[in-house]
Structures are given as C-alpha cells and as structure tokens.
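Q: model this:
(chains A and B)
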Amino acid sequence: MHTPSTEPRFSLYYNYQVYQPWLASQHGPQLRHQVVIVGAGPSGMVTALELARHGVSCVVLTAEQQVSEGSRALAFTRRSMEILQQAGVAERMTEAGLPWRFGNSYYRGQHVFRLEAPHDSNDRFYPLINVQQQYMEEYLHDACKANPLIDFRWGNKVIGVAQKDGYVEVEVDTPEGPYTLETQWLVAADGGRSGIRAGLGLTMEGTSYEGKFVIADIKIDLPLPTERLAYFAPDWNPGNTILMHREPHGIWRIDYQLPEGEDPEEALKPESIESRINAQLAMIGHAGKPWELDWCSVYSARTLTLPDYVCGNILFTGDAAHLLPIFGVRGANTGFQDGQSLGWHLAFVVKGLAGKTLLDNYSRERVTAAREIIDEGGKSTRFMTPPSHGFRLLRDAVLSLSLTQEFVRPLYHWRTSRPHEYMNSALNCQGDDNALFQAGPAHGAPPLNVKLGDDDYLLDHLGGGFELLYFTQQASLPESLQEIIRAARAKGMPLNVTGIGSGQHIEGADQTLNDATGAIRERYGVNASGTAYLLRPDQHICARWINLDALRLQTALNTALPQ
Amino acid sequence: MSEQNQTLPIDTLETVYDLMATAIDEVDAKKIELFLVKLVLLNAKAIGNAEILREHISIAQKDL
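A: You can find the predicted model right below:
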C-alpha cells in the first residue's frame, strides 16, 4: 500500500496544498488509455498540456500528494517562458518571478567577469527569470486540472511496467492498494531516479563528476540586485566554488562546493551549514546578518543521456531521459523543450497523422540536443568543479591570470541553456530556399519573436499546429496554395496560415498581421512578396522559401509528417 | 609559417634558458606547476594557434 505523506512540506514562503489521492474504487472500470504520463514535474506536465492542445487525452500519475520540495529548478530561460506561454502559464510565471540578465564572477575579492545575456526589444521575455519550482508546478498543475483531456492522479505510484503487444501494462499503487492500467503509450517523465528506466535495465551514456555542492535556500534580507553571483576559490572554501541567486519572497539560493571527500550527510548537518553560510555572508560583507534555512540538498554534476528515448511503447523525457549539470540552468529548461517536443510528436502519431517514425524523430532530435548540452555543460562543469589534477591546474591558472588578463575572462561564461537548433532534422524540407536567406531563423531553429505593439508580440499569435507565415503585398493567398492547405486540413493536419502584409486583410489567411513597419520582414530576412516560413507545432522552422509555390509547399508538408 | 622553420638564435635561447630557470627558482615550490601553466596560456595567446600548441605538447611528452 502506497501511503505518501499527507503532512504539508515545510517552507518559509510556500503554502503547500495536500491534494486528495485518486482512488480506483471511486471510478468506473479503466479502459485502455492512449497515453499515460508517469511523473508530474516540468517535462511530464508540459507533455500533458501539449498533448491536450492537440486534442489527445492522457492520464498523469504522480506518487506524491503535493508539489515538490524546495525551490529546485529556479531559473528559467526565455525559451522556457515561450514554451510556458504556449502551455498557458507564462503570465503567472512573469507575475511571480524575478527577471534578470547579468552575472558576476569574483576571484580574490575582485570582480573578474560580468555576464550580460542579450535582450532584444523584440523579445517579450527576459533572458532569465527566477521562480521557485513549487510555483511553476502549481501553475502547470492548475492548467492541467482545468483541461478536461487531462486526468491528473495524485498519490498514484507506479510499481511495475510491462511491455505487451502494442501497449503497456502499468501496475499502480495507491493509498487503498494497487490497480492496473493499460495504455497504448507510456511516457516516462519520472525524473532523474526514474524507476521505469531502472526497471527496463537501460543504461545512460556519459560522465558523472565527483564534485558535490550543497544547495541551501535561506531567508535573508540582502540589498543586492537579481544577478547571478559566482565566487571562485575564496579563503573560507579553498579551491571551491560558490554560487548565489536571488529568489522571490526574500529567499536567497547559496550553492557551495564541498571539500573533496566530505560526506554529504555530514555536510547537511545544521552546524555545518550554519558555519559555511556565515562564512560566505561574511565574505560578501554581510557578517552577522540574521537568516533562516528553508531547504537544503546535495547535488553532484552528471552529463548522462539514454542513447534512445523510445523503448517499444515507452517514451522517455526530461530527467528520466538524461541527467544534465545545473551550471547553465539545464535541467527543467531542457525538460520543457523535451515535453513540448514529445507532446506534438506523440499527438500526431496517436491521431494517425504520421507514422511511428515520427517518434524516432523525437528521439533523434532530443538525444542530439542532450548531447549538445552535455558537450557545452561539460565545459562549464569542468570549470566549476574540475574533475582531475590537470583540469584543476588549468582552472586555477585561469583564475590567477584573470586578475590582470582580459583574454581568459570569457572562460567564466557559463553557457546558458539555449534551445537546440534541429538543423539536421529529417523533418526539414530539402527542396526549399533555406540556404538562400541572408537572415532569419534557418532550418530547425526556434522562431524569433517580434514586437508588434504594446503587449503584442508575434509569438502571441502562433501555436497549436503547423504555422505557415506568408509574406505578401497581395490581397489574397494564391489559389494554388489555398488548395494544398485545404487538402492538408481535410486529412486532419492542423495548419494555420498567417498572412503578413501591410495592413489589409489577406484572403485565404486565418489571421493577418500588419507589418507596415517591416519589423517582421527584417527579423525573418524577407525582401520579396511571396516569401514564406513553415513552423512545426513546436514553432521550430522546417521550411522557408523566397517564393513559395504549391508543389514545394506540398513537398514540405509531406516531409514534415512522415508516414 | 611552419614551426620547424622558426629559428631561435643561440643568444636568445640562452636568455630564455636563464629567465626560466631563475623564475622557477623564485616561485614558491608548491606553485611551480601553476606558474608554468600560466606561462603556457600567455604564450598560447601570443601564438594564437592551438595546432602549434598541440605539436609542442606532443614533442614535450616524449622522453620524459
């Protein structure tokens, strides 16, 4: 019998709500589901919301009866906010969060590097925003709860998974005992310690780093701006690294690296935490300032991924699929991209709009993304927590030189999480004009946002299916294009057409955007009437043409949805 | 410019020899490795080419 705690978790700032468990005895017989998602973290809930947006129902199972403990993910990127906008929770995130774009690195009391994340006036969202994970989960849960296609089950712990012929049997334990579920597709979004991954005996590829960090959230009043602070090799923690982030509600995150060989349990003892936090506060000129501990945990960096996210009818996503270092905010931010990607790929397969090969594409694209992140994140990790004598020596040489030598300072850059560009995706159209464009997002790239007016941006208008952006000075889409679009829709393909012109309504477009200022044309490298972009449901570009014709549109649609 | 063609006149080499030896003697014994790595990084900047450094590493690794 699974009996999760019904005591609200401790927090100095978040009011935990304990939800009622879903009990099989209170519901009718269970038919075979199309999709069951195990795990209600960021990637699981975004997958659920994306599936629902494409009209596919799902069950979400979570072992706990409340949202997760501690601030955890905390820092979310612009692309995450754009994905959360699609999921309908970006406004609440913006209201709750602290936006930021600067980072500072210190060595021997000297400010040796300032990171400035670029912020274009065309972007709705800041490069980064700090929101404690409990709030993010609450907002996503509220969105799931409000969606009739999502059956959310608290207190349901998966204890067994068996692949059958074309479906998966799931054994679920609850506070009244176990029941069995059948599902055509099982999404394993059950986190870094994925029981499903372990149960299937799947092995991840990559590296685990020895360096351990304590993550501690404290309530304290510090008169410092919302900027990332990094301290290298201070006197109180020789050779090690300390990171600080401001959180909402008067909370500060302090991550400090532990001396080599220190036992994590020892490190989490109150007296150990107290002396180290006091030493850090003293170092930054706030000795003796009162503070209170909210939450703490121990973390070590790993750069691991499964080589394939599709295993029969089980699909892996988020931390269940890969473990990525926190340096560069890569956990949840990657999980959102995974969830958004899996949501549309799976929905199109479930609805019969594409063959199962589309799921292989999900795996290929996201495994490639994880490997790119591992490559980049590995560099940051080797600088933050050098894994060997050689790496430590080089890092220390850079720290020392950085006091006087400008050329080494860019090595402090922590390579912030950014969306992967699917430049080699099988969904990219081969016969288009991708290479002929001088500007704008290329094959596989995420879209560029454009400010259209007060509180009005291009990406506000896109989402929910494939998007054709058609730039024209004419009063209508050519009839030959309209024919192809009608035929695609008749087969069930969601395809929205946005006409972009100089103000007049464009016949044949679902919506018309006024680009009299030329802002969209400039961002997308458009010089001619008849230019077009095709965006996938995750908004990444899969085709673009200087001059679109019906035949080439049909080719792109066929490529984007392989049968 | 090929590395092999670059010559170092004997009087310059002798100056480098003495400079390095004296500097190593002056550095705290525990910091010699760090000092030498800093020196390599500064020289790498002057050379501006990872391939030459790769070649130097492979030569220096021989006959240790």
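Q: Which parts of chain B are helices?
A: B:10-26, B:32-47, B:50-61 (DSSP state H).
Q: which stretch among those comes nearest A:Arg276?
A: Smallest distance to A:Arg276 across those (C-beta to C-beta): 25.7 Å, for helix B:32-47. Any C-beta I mention is one placed from the backbone N, CA and C, and that applies to glycine too.
Q: does any bit of the closest one sit next to chain A?
A: Yes: judged by C-beta under 8 Å from any C-beta of the partner chain, helix B:32-47 comes into contact with chain A through B:Glu33, B:Leu34, B:Val37, B:Lys38, B:Val40, B:Leu41, B:Leu42, B:Lys45.
Q: buried subset of these?
A: B:Leu34, B:Val37, B:Lys38, B:Val40, B:Leu41 (16 or more other C-beta atoms under 10 Å in any protein chain shown).
Q: returning to that earlier point: out of the residues of helix B:32-47 next to chain A, flag the one nearest to A:Gly328.
A: Using C-beta to C-beta, the residues of helix B:32-47 next to chain A come closest to A:Gly328 at B:Leu41, 23.4 Å.
Q: Pull up the gap between that closest one and A:Gly239, please.
A: According to C-beta to C-beta, to the nearest Å, B:Leu41 and A:Gly239 sit 19 Å apart.
Q: cool, A:Gly192 as well?
A: Using C-beta to C-beta, A:Gly192 is found at 27 Å from A:Gly239.
Q: what do you get for A:Thr62?
A: 40 Å.
Q: More neighbours: these two, which one.
A: Using other C-beta atoms under 10 Å in any protein chain shown, the more surrounded residue of A:Thr62 and A:Gly239 is A:Thr62, with 30 against 15.
Q: Now the more buried one: closest residue in space, sequence neighbours ignored.
A: In space, and not counting its chain neighbours, A:Thr62 is closest to A:Ala40: 3.7 Å by C-beta to C-beta, 6 or more residues apart in numbering or on different chains.
Q: any idea of the mean pLDDT in the biggest helix by length in chain A?
A: As assigned by DSSP H, the longest helix anywhere in chain A is helix A:357-384. Across helix A:357-384, pLDDT averages out at 94.
Q: so what secondary structure elements neighbour the helix or strand following it?
A: Next in sequence after helix A:357-384, counting helices and strands by DSSP states H and E, comes helix A:389-402. Contact analysis of helix A:389-402 by 3 or more C-beta pairs under 8 Å, 6 or more residues apart in numbering or on different chains; DSSP states H and E lists strand A:110-116, helix A:357-384, helix B:32-47 as its packing neighbours.
Q: So which residues on chain B come close to chain A?
A: Close to chain A, as judged by C-beta under 8 Å from any C-beta, chain B has residues B:Glu33, B:Leu34, B:Val37, B:Lys38, B:Val40, B:Leu41, B:Leu42, B:Lys45.
Q: what ranges of chain B fall below the confidence cut-off?
A: By pLDDT under 70, the low-scoring segments of chain B are B:1-5.
Q: Which single residue of it ends up nearest chain A?
A: Closest approach between chain B and chain A, counting by C-beta to the nearest C-beta: B:Val37, at 4.0 Å.
Q: Name the nearest residue to that residue, ignoring sequence neighbours.
A: Using C-beta to C-beta, 6+ apart and skipping residues adjacent in sequence, the residue nearest B:Val37 is A:Ala397, 4.0 Å away.
Q: pretty sure that neighbour contacts B:Leu42?
A: No: between A:Ala397 and B:Leu42 there is no contact, the gap being 9.6 Å when judged by C-beta atoms under 8 Å.
Q: Contact partners for the spatially most central residue of chain B?
A: Among the residues of chain B, the one closest to the centroid is B:Val40, at 6.1 Å (C-alpha atoms, centre = their mean). By C-beta atoms under 8 Å, 6 or more residues apart in numbering or on different chains, the contact set of B:Val40 is A:Ala397, B:Leu53.
Q: most tightly surrounded among the helices of chain B?
A: helix B:32-47 (a mean of 15; mean count of other C-beta atoms under 10 Å in any protein chain shown).
Q: so how far is it off the chain centroid?
A: 7 Å (C-alpha atoms, centre = their mean, to the nearest Å).
Q: Taking helix B:50-61 as reference, get the angle to it.
A: With axes from the mean of the first three to the mean of the last three C-alpha atoms, to 10 degrees as the basis, helix B:32-47 and helix B:50-61 are set at 140 degrees to each other.
Q: Helix B:32-47 to helix A:389-402, inter-axis angle?
A: Using the same axes, to 10 degrees: helix B:32-47 against helix A:389-402 is 70 degrees.
Q: Count residues in the vicinity of A:Ala397, would you?
A: 21.
Q: And the residue of chain A that's closest to chain B?
A: Counting by C-beta to the nearest C-beta, chain A gets nearest chain B through A:Ala397, at 4.0 Å.
Q: A:Ala96 versus that residue, what's the distance?
A: 42 Å.
Q: can you tell me how far the residue nearest to B:Val37 sits from A:His413?
A: 17 Å.
Q: swap in B:Leu42?
A: For B:Leu42, the distance to A:His413 - C-beta to C-beta - is 20 Å.
Q: Please apply the same query to A:Met283.
A: 23 Å.
Q: A:Tyr299 belongs to a strand?
A: Yes: assessed with DSSP: H, G, I helix; E, B strand; the rest coil, A:Tyr299 lies in a strand.
Q: check contacts around it.
A: A:Lys212, A:Phe213, A:Val214, A:Ile215, A:Asp255, A:Ile326.
Q: so A:Ile546 touches A:Thr531, yeah?
A: Yes: under the criterion of C-beta under 8 Å, A:Ile546 makes contact with A:Thr531 at 5.6 Å.
Q: quick one: which of the two has more around it?
A: Taking neighbours as other C-beta under 10 Å, A:Ile546 and A:Thr531 compare with A:Thr531 leading, 23 against 16.
Q: right, and that one touches A:Ala543 too?
A: No: in this structure A:Thr531 lies outside contact range of A:Ala543 using C-beta under 8 Å: 11.7 Å.
Q: Burial check on the closest residue in space to A:Asp319 that isn't next to it in sequence, number of neighbours?
A: Using C-beta to C-beta, 6+ apart and skipping the chain neighbours, the partner closest in space to A:Asp319 is A:Gly192 (4.1 Å). A:Gly192: 15 surrounding residues under other C-beta under 10 Å.
Q: buried ones in stretch A:457-469?
A: A:Tyr457, A:Leu458, A:Leu459, A:His461, A:Leu462, A:Gly463, A:Gly465, A:Phe466, A:Glu467, A:Leu468, A:Leu469.
Q: which stretches of chain A form helices?
A: A:42-53, A:78-87, A:90-96, A:133-145, A:195-199, A:264-267, A:270-283, A:331-350, A:357-384, A:389-402, A:479-490, A:519-523, A:550-560.
Q: any idea of the angle the fourth one forms with helix A:78-87?
A: Pointing back at helix A:133-145 there. Going by the same axes, to 10 degrees, helix A:133-145 makes 30 degrees with helix A:78-87.
Q: what does the longest one give?
A: Counting by the same axes, to 10 degrees, helix A:357-384 lies at 140 degrees to helix A:78-87.
Q: wait, doesn't A:Asn333 sit right on A:Glu82?
A: No: because the distance of 11.3 Å does not satisfy C-beta under 8 Å, A:Asn333 is recorded as not touching A:Glu82.
Q: who has more neighbours, the two?
A: Higher neighbour count among A:Asn333 and A:Glu82: A:Asn333, with 27 against 24, using other C-beta under 10 Å.
Q: From A:Gln110, how far off is the residue of chain A closest to chain B?
A: A:Ala397 is 16 Å from A:Gln110, by C-beta to C-beta.
Q: and if you look at A:Leu74?
A: A:Leu74 is 27 Å from A:Gln110, by C-beta to C-beta.
Q: Looking at these two, which one has more neighbours?
A: Counted by other C-beta under 10 Å, A:Leu74 and A:Gln110 do not tie: A:Leu74 has more neighbours, with 26 against 10.
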